[in-house]
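Asker: predicted model follows, preceded by the sequence.
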Amino acid sequence: MNLEKSAAAFEEAKKFMPGGVNSPVRSYSSVDCTPPFISHATGSRIFDIDGNEYIDYVGSWGPMILGHAHPQIVEALKKAVEKGTSFGAPTELETELAKLVQKIYPSMEVMRMVNSGTEATMSAVRVARGFTGRNKIIKFIGCYHGHSDSLLVNAGSGATTFGEPSSPGVTQGTAQDTISVPYNDISAVEKIFAQCGEEIAAVIVEPVAGNMGLITPKKNFLPGLRKVTEKYGAVLIFDEVMCGFRVALGGAQEKYKVTPDLTCLGKIVGGGLPCAVYGGRENIMRNVSPDGKIYQAGTLSGNPLAMTAGIETLKILLKESSFMEKISKKTSALADSLKIKAQLANVEIQVPQVGAMFSIFFNTKRVKNYEDAKSSSDDQFKMWFSEMLKRGIYLAPSQFETLFVSAAHSAEDIAKTLEAAAETFQIISTHFKNEIEE
Ligand SMILES: *Cc1c(COP(=O)(O)O)cnc(C)c1O
């Protein structure tokens, strides 16, 4: 695999942007590889400027559930772009997307469109605080909710403590109001509510966690969160930015039958353009300006191109009643086959999967929280990643990321992926054999 042009482009980019990128994970710093610079993508395939072609399981980190450059979306965008790209004034498109979102997420009685998942979660937390008049929030260690200050907090190794900022620039004062708890630990949450439940504005959770690799909720976890937040009058926020339209059309709330007070959507809802949504119970959302006093605004919010891509995407998802069933089956078959290929090579992996998302942990045990995820083998993952890339399989450069299957992945794509995986597991097995025997 030749990445000469990408390497040169990367050097040039580094002069102007931190790490040469506009979002850190793209720099591949965790895997010591040159990031391919992308020229274009279509369907399940992504192409770099050196002319390499890859089967893409990143899908722009989630949005591309229909594959890249879907003809119906491209057509609609071409028509929309000729009518002007931004007005900063209301359009019927916004209501059309809101109706589609509400049809799929009935709990979102009133909603607001924003430009990124970060904005959606940040605003939902503000609304929860404004509505309850309380300051503290609970989040889970290893859950990512975008990079707003209140949410960039992580208590560190498994302890249930008041937050330490996990980035310079987040003040101690802000971090103090964020309480971090291990994922899937409902009794830890109940203990905190018993201590200071009257001060807690909200619990925010990825109902299916996808930002520490894929971790599914234990049976009692989401119902437990619903119960305890109701008891203390705290707002339950489901951050479905990743798992919305992915684990089921109606997200985790449909799949696990637990209804949150507020929901955040992003990624798929914008069909590959910058768009996210937050919304929920009417009595909470009517407190948002200008109906209420909680301020939130956006110059490009409800942008006509983003609305168009979102509308077309949701229409396609709604049109085919078996869409989710088909894509889930495809993904679970891929996950099962990966496990078998690894077993045949004597490599121990975990392949959690829900709907059209899965991930791979080089771990001997099932992963239930961030501590478990961190115990996975980094060295085996690095080898897996670079050998798969060489074989034309484009994966996320970290086992703390989730992988995504799209409607465009064909049986041939899956077969090629499994062939590459079988070879790669053999290489890993041979390389690490001595270590295992020692
Ligand atoms: C991606 C993601 C976000 C942040 O969305 P951006 O559009 O990157 O700001 C928030 N929450 C979850 C669960 C995500 O996966």
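Answerer: That came through fine. Numbers count the residues shown, from 1 in each chain.
Asker: can you tell me the closest non-neighbouring residue to the residue of the chain found nearest the ligand?
Answerer: For the chain, the residue closest to the ligand is Gly117, as judged by Cβ to the nearest ligand atom, at 2.1 Å. From N, CA and C alone the C-beta is placed, and that goes for glycine too. Among residues not flanking Gly117 along the chain, Gly266 sits closest, at 3.4 Å (Cβ to Cβ, 6 or more residues apart in numbering).
Asker: with Gly51 instead?
Answerer: That would be Asn2: by Cβ to Cβ, 6+ apart, it lies 8.0 Å from Gly51.
Asker: surely the residue of the chain closest to the ligand touches Ala276?
Answerer: Yes - between Gly117 and Ala276 there is a contact under Cβ atoms under 8 Å: 5.0 Å.
Asker: now do the shared contacts for the two.
Answerer: Val241, Cys264, Gly266, Lys267 (Cβ atoms under 8 Å, 6 or more residues apart in numbering).
Asker: out of those, who's near the ligand?
Answerer: Applying Cβ under 6 Å from any ligand atom to the shared contacts of Gly117 and Ala276, one finds that Val241, Gly266 fall near the ligand.
Asker: now, among the shared contacts of Gly117 and Ala276, which is nearest to Gly292?
Answerer: When those are compared for distance to Gly292 (Cβ to Cβ), Cys264 comes out closest, at 18.8 Å.
Asker: please name the bridge partners of that closest one.
Answerer: Asp239, Tyr278 (DSSP bridges).
Asker: look at the residue nearest to Gly117 and report its pLDDT.
Answerer: At Gly266, the model reports a pLDDT of 98.
Asker: which residues touch it?
Answerer: Ser116, Gly117, Ala120, Val241, Met242, Gly244, Cys275, Ala276, Val277.
Asker: now with 10 Å, please.
Answerer: Counting by Cβ atoms under 10 Å, 6 or more residues apart in numbering, Gly266 touches 62-63, 114-121, 146, 239-242, 244, 274-278.
Asker: which ones among those residues lie within helices?
Answerer: Mapping those onto helices (DSSP state H) picks out Gly117, Thr118, Glu119, Ala120, Thr121.
Asker: top of those residues by neighbour count?
Answerer: Ala120 (32 neighbours; other Cβ atoms under 10 Å).
Asker: surely it and Leu265 touch.
Answerer: Yes - the pair Ala120 / Leu265 is scored as a contact, 7.0 Å apart, by Cβ atoms under 10 Å.
Asker: okay, and the common contacts of the two?
Answerer: Met111, Met113, Asp239, Glu240, Val241, Cys275, Ala276, Val277, Tyr278, Gly279.
Asker: now which of the residues you listed would you call buried?
Answerer: Met111, Met113, Asp239, Glu240, Val241, Cys275, Ala276, Val277, Tyr278, Gly279 (16 or more other Cβ atoms under 10 Å).
Asker: for Gly117, see how far away the first one is.
Answerer: Same thing as Met111. Here Met111 is placed at a distance of 14 Å from Gly117 (Cβ to Cβ, to the nearest Å).
Asker: ok so, going back, if we only consider the shared contacts of Gly117 and Ala276, which is nearest to Ala309?
Answerer: Closest to Ala309, out of all of the shared contacts of Gly117 and Ala276 and judged by Cβ to Cβ, is Lys267, at 11.8 Å.
Asker: burial measure for the nearest residue to Ser328 once chain neighbours are set aside, as a count.
Answerer: Nearest in space to Ser328, with sequence neighbours left out and distances taken as Cβ to Cβ, 6+ apart, is Gly355 at 5.0 Å. Per other Cβ under 10 Å, the neighbour tally for Gly355 reads 24.
Asker: same deal with Pro223?
Answerer: Applying other Cβ under 10 Å, I find that Pro223 has 14 neighbouring residues.
Asker: repeat for Lys365
Answerer: Applying other Cβ under 10 Å, I find that Lys365 has 11 neighbouring residues.
Asker: do the same with Ala7
Answerer: Ala7 has 15 nearby residues by other Cβ under 10 Å.
Asker: now Gly355: how far from Ser429?
Answerer: Relative to Ser429, Gly355 is positioned 30 Å away (Cβ to Cβ).
Asker: my bad, should have said Lys329
Answerer: Separation of Lys329 from Ser429 (Cβ to Cβ) stands at 29 Å.
Asker: same check on Gly20?
Answerer: Distance from Gly20 to Ser429, by Cβ to Cβ: 34 Å.
Asker: okay, these two: which has more neighbours?
Answerer: Neighbour count, other Cβ under 10 Å: between Gly20 and Ser429, Gly20 has more, with 19 against 16.
Asker: which residues of the stretch 151-300 of the chain lie near the ligand?
Answerer: So the stretch 151-300 of the chain meets the ligand at Glu206, Gly210, Asn211, Asp239, Val241, Met242, Gly266, Ala276 (Cβ under 6 Å from any ligand atom).
Asker: dump the residues you listed to a markdown table, plus distance to Ile179.
Answerer: Shown next, in a markdown table, are those (distance: Cβ to Cβ, whole Å):
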| residue | distance to Ile179 |
| --- | --- |
| Glu206 | 16 |
| Gly210 | 22 |
| Asn211 | 18 |
| Asp239 | 16 |
| Val241 | 21 |
| Met242 | 22 |
| Gly266 | 24 |
| Ala276 | 25 |
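Asker: from those, which land in strands?
Answerer: Asp239, Ala276 (DSSP state E).
Asker: quick one: which of the residues of the stretch 151-300 of the chain next to the ligand is nearest Ala421?
Answerer: Among these, and counting by Cβ to Cβ, the member closest to Ala421 is Gly210, at 20.9 Å.
Asker: need the contact list for the closest one.
Answerer: Contacts of Gly210 (Cβ under 10 Å, 6+ apart): 61-62, 143-144, 239, 241-243, 246-247, 267, 352, 354, 357, 359, 400-404.
Asker: show me which of those residues are buried.
Answerer: Buried members of the contacts of Gly210, scored by 16+ other Cβ under 10 Å, are 61-62, 143-144, 239, 241-243, 246-247, 267, 352, 354, 357, 359, 400-404.
Asker: follow-up on the earlier one: possible to save the buried ones among the shared contacts of Ala120 and Leu265 as CSV with distance to Glu412 and pLDDT?
Answerer: Formatted as CSV, those follow (distance: Cβ to Cβ, whole Å; pLDDT from 0 to 100):
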residue, distance to Glu412, pLDDT
Met111, 40, 98
Met113, 38, 98
Asp239, 35, 98
Glu240, 32, 98
Val241, 31, 98
Cys275, 32, 98
Ala276, 34, 98
Val277, 35, 98
Tyr278, 39, 98
Gly279, 40, 98
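Asker: for Pro36, see how far away the residue nearest to Gly51 is.
Answerer: 10 Å.
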